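A.B. asks: Output the structure for:
(one chain, ligands or ions: 1)
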Amino acid sequence: MSTEHDGQRHVAGLWCGEVLQRLPDLVDGALSDAERAQVVAHVSACDWCERFGGAYSAVVAALPKTKVSAPDGLIERLRARLAALPAQD
Ligand SMILES: [Zn+2]
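C.D. replies: Residues are numbered from 1 along each chain as shown. Now for the predicted structure:
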């Protein structure tokens, strides 16, 4: 079920504009699983967003399903570098 207002559609609990606002966070992996699922549900069901850009839903579909983690050893190297810094006092 969807509602229309000012050329936007309300699908899966989000307006098209809200989906656009969340897109950067979505790409950054900053959204919770629930928020990400909501955005994906909107885009897959909203033909306005489909028209807005054919690549739009493709971008969402191409997102990694899990958050990217730090490369192996990065945390350890940062810790070692911090430990090697001169004491502040
Ligand atoms: Zn939409």
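A.B. asks: so where's the chain uncertain?
C.D. replies: Under the criterion pLDDT under 70, the flagged ranges of the chain are 1-2, 51-72, 74-76, 78, 82, 85, 87-89.
A.B. asks: Could you pull out the buried residues of stretch 7-25?
C.D. replies: The neighbour-count check on stretch 7-25 (16 or more other Cβ atoms under 10 Å) flags Q8, R9, H10, V11, A12, L14, W15, C16, V19, R22, L23 as buried. No exception for glycine: its C-beta is placed from N, CA and C like everyone else's.
A.B. asks: Can you measure across that stretch, start residue to end residue?
C.D. replies: Stretch 7-25 has an end-to-end distance of 24 Å (Cα to Cα, to the nearest Å).
A.B. asks: Against the ion, how distant is R36?
C.D. replies: 15 Å (Cβ to the ion, to the nearest Å).
A.B. asks: Quick check: that residue touching V27?
C.D. replies: No - contact status for R36 versus V27: not in contact, 10.5 Å apart, counting by Cβ atoms under 8 Å.
A.B. asks: between those two, who's got more neighbours?
C.D. replies: R36 (18 against 14; other Cβ atoms under 10 Å).
A.B. asks: Leaving out sequence neighbours, find the closest residue to the more buried one.
C.D. replies: Spatially, and ignoring its direct neighbours in sequence, R36 is nearest to L26 (6.1 Å; Cβ to Cβ, 6 or more residues apart in numbering).
A.B. asks: and that neighbour, helix, strand or coil?
C.D. replies: Classification of L26 using DSSP: H, G, I helix; E, B strand; the rest coil returns helix.
A.B. asks: Would you mind confirming that it is in contact with V39?
C.D. replies: Yes - between L26 and V39 there is a contact at 5.6 Å, judged by Cβ under 8 Å.
A.B. asks: neighbour-wise, which of the two wins?
C.D. replies: Neighbours per residue, other Cβ under 10 Å: of L26 and V39, the larger number sits with V39, 25 against 19.
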